[in-house]
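Trainee: test case, fold it:
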Amino acid sequence: MLKKVSGYFNTRLDFTTIVIVVIAFTQGILGLADLAVSYLFKDHLKIGPSEATAISSFVAMPWMIKPLWGFISDGFPILGYRRKSYLIFFSIMNFCCYLYLAKGTYSVTTCIVLLLIIQVGVSFCNVIGEALLVEKSQTQHSNHTSDDASQNVSLFFGARNVGYFVTAYLSGVLIAKLELKSIFLITAFFPIILFCFAIFLKERQIDRIYQTHSNAEGHQLESVPNVHEDEGTPLKKPTDSVPNRRPSTSQSIQNLRILYDFVSQPEIYKPIFIIFLFMVTPSSGSVLFYFYTNVLKFSPEFMGVLRIISAASAIIAVWVYNRYLAKFSFKKVFAWTTVLGVLVSMTQLILVTRLNQEWGIPDKFFCFGDSLVVQMLGEINGMPILVLACQMCPKNIEGTMYALLMSSFNFASMISAQSGALLTYFLGVNESNFDNLWLLLLLTNLMYLLPLALLSYLKVDKAIERAKKMGSSGQATEEPPVPSIHEEAIPFQAGSHHLPSAAHCPSPTKPKEI
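Mentor: Numbering: from 1, shown residues only. Alright, predicted model coming up:
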């Protein structure tokens, strides 16, 4: 089955690819604790919807400094390893944090700190997963085309969404039958899955990567800087000018200057700014979770049913985009899914105003359809952004550019959540008062449509062409060219969209990160 999946995504199956999939799958399967944290905040710590949304955006901060995680991984190996050591360390760290959450007695501050540390671990492992797939991609493709980008996006998204799907229903069932601390205890063992695979990841130590050897003619041989020993890549040809050192500080500064010059061009910063405007509009946050549980009296088990529908629709959305929509232009897919997503999301007004009851439509039946359609459209709405981000990254500074884009979009998502929390507060919507919930949903939906007027100024082809020209000019260089997170742009993280969804019910441990 793994070989069939690997063939579908045009990816050669080996242990490194399996580790990449495990990283994404583990990220998804940790969602088992999401619903538990939502109930922890609402029932045990007595936190309201606006506060929960603010906390959710705060603990998402590690996703906004992903370039720092890449820099640490590339420049500061542990025991000579840039990848596996960090995977092992953060797997153990997340295991310990979930064990402490299972303790069951702690303050709000302690809980927030633990969730923040967990997100540091998950985001760092995500960066490592990106770096590993980048290194694999460099050996498989000479050019990162749109098809390659969509395949790589789909591979990681698919594995992550399968993880969500596995735990979606179980989270509700377990909450109905077990204490919250038992849920955290079960979740604590999921990082151990990644730990077990990370131990056996074959990676050359940093000293071996830069080690030089003398041949019979007095030349130097440089070990090929591929971090995976199972690739079987031969040594490079003899050379007299191979530096036996790590990349210099001046080289990094030079690449940063090139990155600044690249981003300063109108063809590049205009698309970034327009997408940023879409993502920065206020979102409704966690308020629907409180409406579902406090007003509609949905049980934890039914909340799990909604989560599994949401996870299934996300998997279907990735497949639909990769199969049918990847060939269409960015503007067409993004514009249509934005409009359709907002129109469908407007049906939430029927639910919160209780018109569905007057029409004889049961609440649960109404939510089923909303869970399926809104989540699917939202997932498809985010896919073109990730693919475009991949295509906008020039050769030799791809990873740095990609990490910069993703961090910028994650920062926009944080502002979206914070502004949504303020809007929720000013409208007087809380855990016991939902009179203005319809107005909150109406405003957040309409605001998401406002930046559509700027799409005509978004010149996608020019941005991609500029990236290709810069890559072919070879301005940015690395010495020596060690594969790292700063060398290829493969977008992975989900949740770039924030179309309001009555089904997904954002939770404090599920930030909308990329």
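
Trainee: for Tyr81, what are phi and psi?
Mentor: phi -110, psi 130 (degrees, to the nearest 10).

Trainee: for it, which non-adjacent residue is spatially closest?
Mentor: Closest residue to Tyr81 apart from its sequence neighbours, by CB to CB, 6 or more residues apart in numbering: Glu203 at 5.4 Å. For the C-beta atoms, the positions are set from N, CA and C on the backbone; glycine is no exception.

Trainee: could you measure from the one you found over to Leu132?
Mentor: Distance, Glu203 to Leu132, using CB to CB, to the nearest Å: 9 Å.

Trainee: re the thing from before, any idea of the pLDDT on the residue nearest to Tyr81?
Mentor: pLDDT for Glu203: 81.

Trainee: spit out the residues that contact Glu203 and Leu132 alike.
Mentor: The contact sets of Glu203 and Leu132 overlap at Arg83 (CB atoms under 8 Å, 6 or more residues apart in numbering).

Trainee: quick revisit: is the residue nearest to Tyr81 in a helix, a strand, or coil?
Mentor: Using DSSP: H, G, I helix; E, B strand; the rest coil, the three-state assignment for Glu203 comes out as coil.

Trainee: quick one: it from Leu355, how far?
Mentor: Using CB to CB, we find Glu203 at a distance of 58 Å from Leu355.

Trainee: could you report the neighbour count for the residue nearest to Tyr81?
Mentor: 25 (other CB atoms under 10 Å).

Trainee: that's a strand at Val173, yeah?
Mentor: No - read with three-state DSSP, Val173 is helix and lies in no strand.

Trainee: let me see the contact set for it.
Mentor: Pro300, Glu301, Gly304.

Trainee: was I right to think the second one contacts Ser171?
Mentor: Put plainly, it is Glu301. No - assessed by CB atoms under 8 Å, Glu301 is found out of contact with Ser171, at 9.6 Å.

Trainee: of these two, give the one with the bigger neighbour count.
Mentor: Neighbour totals were compared for Glu301 and Ser171, and Ser171 leads with 28 against 15 (other CB under 10 Å).

Trainee: list the contacts of the residue lying closest to that one once chain neighbours are set aside.
Mentor: Excluding the flanking residues, the one nearest Ser171 by CB to CB, 6+ apart is Leu35, at 4.3 Å. Applying CB under 8 Å, 6+ apart, we find Leu35 in contact with Ser171, Gly172, Ile175, Pro300, Met303, Gly304, Arg307, Ser507.

Trainee: tell me the SS of Leu35?
Mentor: Leu35 ends up helix, using three-state DSSP.

Trainee: Ser123 versus that one, what's the distance?
Mentor: Relative to Ser123, and taking CB to CB, Leu35 is found at 21 Å.

Trainee: ditto for Lys459
Mentor: In terms of CB to CB, Lys459 sits 31 Å off from Ser123.

Trainee: repeat that for Arg307.
Mentor: 22 Å.

Trainee: out of those two, which sits in the busier spot?
Mentor: A direct count of neighbours by other CB under 10 Å for Arg307 and Ser123 places Arg307 higher, at 27 against 24.

Trainee: that one falls within a helix, correct?
Mentor: Yes - under three-state DSSP, Arg307 falls within a helix.

Trainee: find the nearest non-adjacent residue to Ala159, please.
Mentor: The nearest residue in space to Ala159 (CB to CB, 6+ apart) is Ala24, at 3.7 Å.

Trainee: hang on, Gly341 packs against Leu377?
Mentor: Yes - counting by CB under 8 Å, Leu377 is a contact partner of Gly341 at 4.0 Å.

Trainee: SS state for Phe298?
Mentor: Assigned with three-state DSSP, Phe298 falls in the coil class.

Trainee: that one: how many residues sit nearby?
Mentor: Other residues close to Phe298 by other CB under 10 Å number 20.

Trainee: contact partners for it?
Mentor: Per CB under 8 Å, 6+ apart, neighbours of Phe298: Tyr292, Leu306, Asp363, Lys364.

Trainee: most surrounded residue in these?
Mentor: For these, neighbours tallied by other CB under 10 Å; top is Leu306, 27 neighbours.

Trainee: with that, I have no additional questions.
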